[in-house]
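Trainee: Got a sequence here, can you build the structure:
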Amino acid sequence: MKIAILSNGNANYSTRRLVEEAEKRGHDVRVIKYKNCYISIEQGKNQVFYKGKPLEHFDAVIPRIASNMTQYGTMIVRQLEMQGDYCLSKSLAISRARNKLRSTQLLAKYGVDIPKTVVSRNTADIDDLLDQLDGCPVIIKLASGTHGNGVVLAETKKAAKSVLQAFYLTNDNGTNILLQEFIKESAGTDIRAFVVGGRVVASMQRQSLDDDFRSNLHKGGNGKIIKLTPEEEKVAVKAAKVMGLSVAGVDLMRSSRGPLVLEVNASPGFGIEKITGRNVASKMIEYVERNAKRTNHRDRIGA
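Mentor: Predicted coordinates:
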């Protein structure tokens, strides 16, 4: 198979692992720096160009789109979808997962338990907002934040109001700001479940190394292998399905009322391999093999 990996380049660990596993299985792999692609659009002829040449057809495309390039990256993915290339992660699903407000709305709508969340653009409503969440402390986060950035713990009403005002003043692009209930029993700890094709293939617990309430590995958190309960596996798989993602990193929190989904990541990092010893890159390539062949065969029959 001819496989394209849309990435920032071979320096990325997850990209190197995917190339390694794909080549090990005999595939022809090409890493495409999607930020260097451009699209030519005209009636009946839309093409993606890379290094001055039209991008060839691939049997499968694996998008690894960075959060700060979501809009441009998904535009490239969408064009490849329109050209008939099989894409492991769909452009709509990536965009959906990257918008914390939209993903929270969808998870709640389809019965996935989440921390209670409120959204407002008016700091004058702070008393009502905090009442909705049973008071402080509360988590305040930007809808577009990632890796623990744009997330603040406000322990008092005064602090919450100050954080909201600061976010509104510096938030030039109009990103929504969310307030969420603080789950005290899991402060500084969460679980990352790596889902591929409707199955959890690896899971780890992440723990902050100091008093930080954020447990992200990018923030210096420490990870260890953990076995999920059947309920946690079910919730992780359902969350990925709601987002429409074949591959997802689902972040869970253990609470007194059961597992809560914090976030669904459309391009989960591969640090989980080092912690768990699980070969998630191989699982992704195996899934691509099964589904790209099936999709391409169906398209040829219908042609």
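Trainee: The closest residue to Leu55 other than its chain neighbours in helix, strand or coil?
Mentor: Distances taken as CB to CB, 6 or more residues apart in numbering put Val48 closest to Leu55, at 4.4 Å, once the chain neighbours are dropped. (Glycine included, C-beta is placed from N, CA and C.) Under DSSP: H, G, I helix; E, B strand; the rest coil, Val48 falls in the strand class.
Trainee: Just to check, Val48 is in contact with Val77?
Mentor: No - counting by CB atoms under 8 Å, Val48 does not reach Val77; the two are 9.7 Å apart.
Trainee: Run through the residues that contact Arg78.
Mentor: Contacts here follow CB atoms under 8 Å, 6 or more residues apart in numbering; on that basis Arg78 touches Ser91, Leu92.
Trainee: Next secondary structure after the strand or helix carrying it?
Mentor: Per DSSP states H and E: Arg78 is located in helix 70-82. Under the assignment DSSP H and E, the closest C-terminal helix or strand after helix 70-82 is helix 91-98.
Trainee: how's this structure carved up into domains?
Mentor: 2-89, 97-101+105-111+186-266, 116-182 (automatic domain parsing).
Trainee: Buried deepest among those domains, which one?
Mentor: Of all the domains of the chain, domain 97-101+105-111+186-266 carries the top mean neighbour count, a mean of 19, counting by mean count of other CB atoms under 10 Å.
Trainee: what's the closest non-adjacent residue to the spatially most central residue of the chain?
Mentor: Closest to where the C-alpha atoms of the chain average out (CA atoms, centre = their mean) is Asn265, at 1.6 Å. Leaving aside its sequence neighbours, Asn265 sits nearest to Gly249 (CB to CB, 6+ apart; 3.8 Å).
Trainee: hang on, that neighbour packs against Val196?
Mentor: No - here Gly249 lies out of contact with Val196, judged by CB under 8 Å, at a distance of 10.4 Å.
Trainee: Just the pLDDT at the residue nearest to Asn265, thanks.
Mentor: pLDDT recorded at Gly249 is 98.
Trainee: For the host helix or strand of it, which strands pair with it and how are they oriented?
Mentor: Here Gly249 sits within strand 247-255, counting by DSSP H and E. If you go by DSSP bridges, strand 247-255 pairs up with strand 189-196 (antiparallel), strand 258-265 (antiparallel).
Trainee: ok now the helix or strand encompassing Ala236, how far from the chain's centre?
Mentor: Per DSSP H and E, Ala236 falls inside helix 230-243. Relative to its parent chain, helix 230-243 has a centroid offset of 14 Å by CA atoms, centre = their mean, to the nearest Å.
Trainee: That one to strand 247-255, inter-axis angle?
Mentor: Helix 230-243 runs at 130 degrees relative to strand 247-255, counting by axes from the mean of the first three to the mean of the last three CA atoms, to 10 degrees.
Trainee: picking up where we left off before, who does the residue nearest to Asn265 bridge with?
Mentor: Phe194, Asn265.
Trainee: and if you look at the one 5 residues further on?
Mentor: According to DSSP bridges, the residues that bridge with Arg254 are Pro259.
Trainee: chain center to the host helix or strand of Asp128: distance?
Mentor: Using DSSP H and E, Asp128 sits in helix 126-132. How far helix 126-132 lies from its chain's middle: 29 Å, per CA atoms, centre = their mean.
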